[in-house]
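Enquirer: any chance you can model this:
(2 chains)
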Amino acid sequence: MVTSDAVLDALGNATRRSIVRVLAGGPLTVGAIALELPVSRPAVSQHLRVLEQAELVRFTESGTKNLYELDRAGFLAARAWLETFWSESLAQFAALAEATQEGG
Amino acid sequence: MSFEPVRQSVFVRCPVEHAFTVFTERIDGWWPASHRRLQGSRIALEPLGTGGTLVEHADGEALEIGFVTEWNPPASVTLGWRLGAPTGLATSVTISFAEREGGTLVEVVHSDGTPPLPDFPATAVLFTKAWAHVLAAFEEAA
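Expert: Purely as a prediction, here's the structure:
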């Protein structure tokens, strides 16, 4: 299972977020992604590797075409991170607020 | 596509003012250690109020996590929060404090931001549960 740190680090780059935005429209080849963005094809490949490790995109073959598409695993990991963050935070916050209440 | 913010709430046995004060002035006391970028860090809102920045400090290093976008003490506070790195995904979180019998109901709504942030839909996909639509969109295009 991918770590939320890997996902958040991968999404911490504007070019990689642009690649995700482009892929939200459907699976594309590396060349087609590069056409949509002001970056070189090798640079796109490098960013795709980071996104792939974070399970935000995955490689898929369609006939003779090598495509990249969004992978929900990474997004679900990031969302789970957020849910955990708030459940732990609110529990600790409630304990702190009640413990520090004057005369409480 | 429907966007589902992360929504959570907790009931606290204390007055609204105290809940708001603890939440905003003692962030370091409730922010989980497991969700910090820097080990042994200290997290605070500096300064408190409009224009404030949420900063994580450790060993002379300071990371900007977020910033106050709305400050309505003691009813609510809204923060712009970059997830992960300082250049990370922009999100918006509103924490509201409402009086209830015997205490305060604290509600958190963490979303992709209103109005939609420039990172849309990279942020939006994180906040959507309607994955069927996203998947259908790229299956159609295949």
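
Enquirer: only C-alpha atoms for contact and neighbour calcs from this point on.
Expert: Noted.

Enquirer: please enumerate the helices of the chain.
Expert: Picked chain A for this. Along chain A, the segments classed as helices by DSSP state H run A:4-10, A:14-23, A:30-36, A:41-53, A:72-99.

Enquirer: correction: the question concerned chain B.
Expert: Taking DSSP H, the helices of chain B run over residues B:16-25, B:27-30, B:122-127, B:131-141.

Enquirer: spatially nearest residue to the spatially most central residue of chain A, not counting backbone neighbours?
Expert: Nearest to the centroid of the C-alpha atoms of chain A, with distances taken as Cα atoms, centre = their mean, sits A:Val7, at 4.4 Å. By the measure of Cα to Cα, 6 or more residues apart in numbering or on different chains, the closest residue to A:Val7 outside its immediate chain neighbours is A:Ala54, 4.9 Å from it.

Enquirer: equivalent analysis for B:Arg7, please.
Expert: B:Val109 (4.7 Å).

Enquirer: ok, that neighbour touching A:Glu83?
Expert: No - contact criterion Cα atoms under 8 Å: B:Val109 and A:Glu83 do not qualify, at 10.8 Å.

Enquirer: got any residues that touch both of those two?
Expert: Listed as contacting both B:Val109 and A:Glu83 by Cα atoms under 8 Å, 6 or more residues apart in numbering or on different chains are B:Val6.

Enquirer: quick one: name the residues of chain A near chain B.
Expert: Counting by Cα under 8 Å from any Cα of the partner chain, chain A comes close to chain B at A:5, A:8-9, A:11-14, A:17-18, A:20-21, A:23-27, A:62, A:69, A:72, A:75-76, A:78-79, A:82-83, A:85-94, A:96-98, A:101, A:104.

Enquirer: run the last query once more with 6 Å
Expert: Within chain A, the positions adjacent to chain B are A:8, A:12, A:17, A:21, A:25-27, A:75, A:89, A:92-94, A:97 by Cα under 6 Å from any Cα of the partner chain.

Enquirer: tell me how many other residues surround B:Ala33.
Expert: B:Ala33 has 17 neighbours, counted by other Cα atoms under 10 Å in any protein chain shown.

Enquirer: apologies, that question was intended for A:Pro38.
Expert: If we define neighbours as other Cα under 10 Å, then A:Pro38 has 10 of them.

Enquirer: give me the beta-bridge partners of B:Thr94?
Expert: B:Thr78, B:Val109 (DSSP bridges).

Enquirer: what's the closest non-adjacent residue to A:Leu70?
Expert: Excluding the flanking residues, the one nearest A:Leu70 by Cα to Cα, 6+ apart is A:Val57, at 4.2 Å.

Enquirer: and the helices of chain B, which one averages the lowest pLDDT?
Expert: When these are compared on mean pLDDT, helix B:131-141 scores lowest, with a mean of 48.

Enquirer: just to revisit the earlier point, and the two most separated of the residues of chain A next to chain B?
Expert: Distance extremes for those: the farthest pair is A:Pro27 and A:Ala97 at 48.7 Å, using Cα to Cα.

Enquirer: between the two, who's got more neighbours?
Expert: Set A:Pro27 next to A:Ala97 and count neighbours by other Cα under 10 Å: A:Pro27 wins out with 27 against 23.

Enquirer: the more buried one and A:Glu69 touch, don't they?
Expert: Yes - judged on Cα atoms under 6 Å, A:Pro27 makes contact with A:Glu69 at a distance of 4.4 Å.

Enquirer: on that earlier part again, any chance of a ChimeraX selection covering the buried ones in the residues of chain A next to chain B?
Expert: To isolate the buried members of these in ChimeraX, using 16 or more other Cα atoms under 10 Å in any protein chain shown:
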select /A:8,12,17,21,25,26,27,75,89,93,94,97
